[in-house]
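J.: Structure for this input, please:
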Amino acid sequence: MAGKFAETDLVEACQAAAIFSGCASEQQRPIFHFDKSGSDPKGKRILALSLIHGDELPSGTVARAWMTRLNRLSPRNTWRVIPVVNPDGLKKGTRTNSRGVDVNRNFPTKAWDDEALQKWKSVTNEDPRRYPGPHAASESETRCMMKHIDDFKPDFIVSIHTPLGVLDFDGPKVDFPQFKPLPWISLGNFPGSLGRYMWKDHNVPVLTIELKGPLGVRHLEQFDQLQDISGTVAIQANEAKSKSTNKD
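T.: Predicted coordinates for the structure are as follows:
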C-alpha cells in the first residue's frame, strides 16, 4: 500500500490491532482489525473495511491512514477498521480471493440462491472477477466479516474501493456534506454484496467509497476530511432511521 505516512504512527496502530480466533483467509493469512472507542455518548459504531478486492490498493492506503489518525485522536464515534479483508487477493494482486471468489458477492443476502449466480451469468457474462461463489458465505473471508458484524454491531459501515470515483450510499435519505473530489450517487447493489446484505436485509446504512485513480495516495489529507464526513453521515443516517421508525 502506497502513500506517505509516519512509520512510527503505523507501528503504534498495528501494535493495537487484534484478530478473532479463526478469523483468517482461505490460505490462513490472519485478518486483523483495529478498534478505537468514541468519546461522544451520542456517537455511532462505524465499521470501516478495505481491500475486500485484493487488487484495489489505494483503498488500503486510506484505511491505513484512518487507523493511524484514529490512534492519535479522541473520536466522537466508535470505530473498527479492517484494513485488509482479502489478504490472499492482496498477495496475488487479484480482485478475488485464493479460490477465485469475489468476496463482495458472497454475503448471504436474501434470495442469494435464486439471484446471485443468475445475475453473474446474465449481467456479467460469467466474468471470473465477479464470481459469487458456489453458495452464500462459502468463503472464510465472508464468514470473518459476518463475525465482525455480529460482534461489533455497527450502526454504519464504510467500505472503501476503487476505481469508479463516487460516493455510493445505501441508506435513508440524508443531506450529504459536500466533498468536491467525489460526487454522491446511488449505484444500487448486487446479490451477495455488503451493501445489499447490510442495508436491504439488516437496515444498517452502507457508504461505499469508490476512489478514482491515485486519490487516497497523493491526497491523504482529503481522506482525513472524508473520514470526518463518514462520521457525520453515520449520525445523520441513524437519526433519519429513528424518525422513520417513529412515524411508522
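J.: how about T162, what does it touch?
T.: E56, L57, P58, S59, E210, L211, K212, G216 (CB atoms under 8 Å, 6 or more residues apart in numbering). C-beta here means a position set from N, CA and C on the backbone, and glycine is covered the same way.
J.: Beyond the helix or strand of the chain with the lowest mean pLDDT, next helix or strand please.
T.: The helix or strand of the chain with the poorest confidence is helix 7-15; it has a mean of 69 (mean pLDDT, DSSP states H and E). Sequence-wise, the next helix or strand downstream of helix 7-15 (DSSP states H and E) is strand 34-36.
J.: Show me what that following strand is packed up against.
T.: Packed against strand 34-36 by the contact rule (3 or more CB pairs under 8 Å, 6 or more residues apart in numbering; DSSP states H and E) you find helix 57-72, strand 78-82.
J.: among the ones you listed, which gets the worst mean confidence?
T.: Among the helices and strands packed on strand 34-36, helix 57-72 has the lowest mean pLDDT, at a mean of 90.
J.: now that helix and strand 78-82, what's the angle there?
T.: Orientation of helix 57-72 against strand 78-82 (axes from the mean of the first three to the mean of the last three CA atoms, to 10 degrees) gives an angle of 140 degrees.
J.: Which parts of helix 57-72 count as buried, going by neighbours?
T.: For helix 57-72, a neighbour-count test (16 or more other CB atoms under 10 Å) marks 57-71 as buried.
J.: if we take those, which one ends up nearest to F190?
T.: Of all those, F190 sits closest to S59, with 18.1 Å by CB to CB.
J.: Quick one: residues contacting that closest one.
T.: S50, L51, H53, I160, H161, T162, I209, L211, G216.
J.: I'd assumed T61 was in contact with the fourth one.
T.: No: I160 lies out of contact with T61 (CB atoms under 8 Å); the separation is 9.2 Å.
J.: For the longest helix seen in the chain, which helices and strands make contact with it?
T.: Looking across the chain with DSSP state H, the single longest helix is helix 220-247. Helices and strands touching helix 220-247, by 3+ CB pairs under 8 Å, 6+ apart, are strand 45-50, helix 57-72, strand 156-161, strand 206-210.
J.: Can you check what angle separates that helix from strand 206-210?
T.: Going by the same axes, to 10 degrees, helix 220-247 makes 160 degrees with strand 206-210.
J.: angle of helix 220-247 against strand 156-161?
T.: Per the same axes, to 10 degrees, the angle that helix 220-247 makes with strand 156-161 is 140 degrees.
J.: Confirm D168 sits in a strand?
T.: Yes: per DSSP: H, G, I helix; E, B strand; the rest coil, D168 lies within a strand segment.
J.: how near is it to S21?
T.: Distance of D168 to S21, computed by CB to CB, to the nearest Å: 33 Å.
J.: Skipping adjacent residues, who's closest to H33 in space?
T.: Ranked by CB to CB, 6 or more residues apart in numbering and with sequence neighbours excluded, the top spatial neighbour of H33 is I82, at 4.8 Å.
J.: Centre-most residue in this structure?
T.: The structure's the chain has its C-alpha centroid closest to S159; by CA atoms, centre = their mean the separation is 2.1 Å.
J.: quick one: that residue from K241, how far?
T.: In this view, S159 and K241 are 19 Å apart by CB to CB.
J.: just M145 next, same as before
T.: Separation of M145 from K241 (CB to CB): 22 Å.
J.: Looking at those two, which is more packed in?
T.: Of the pair M145 and K241, M145 is the one with more neighbours under other CB atoms under 10 Å, namely 27 against 17.
J.: Just give the number of residues close to C144.
T.: With other CB under 10 Å as criterion, C144 counts 22.
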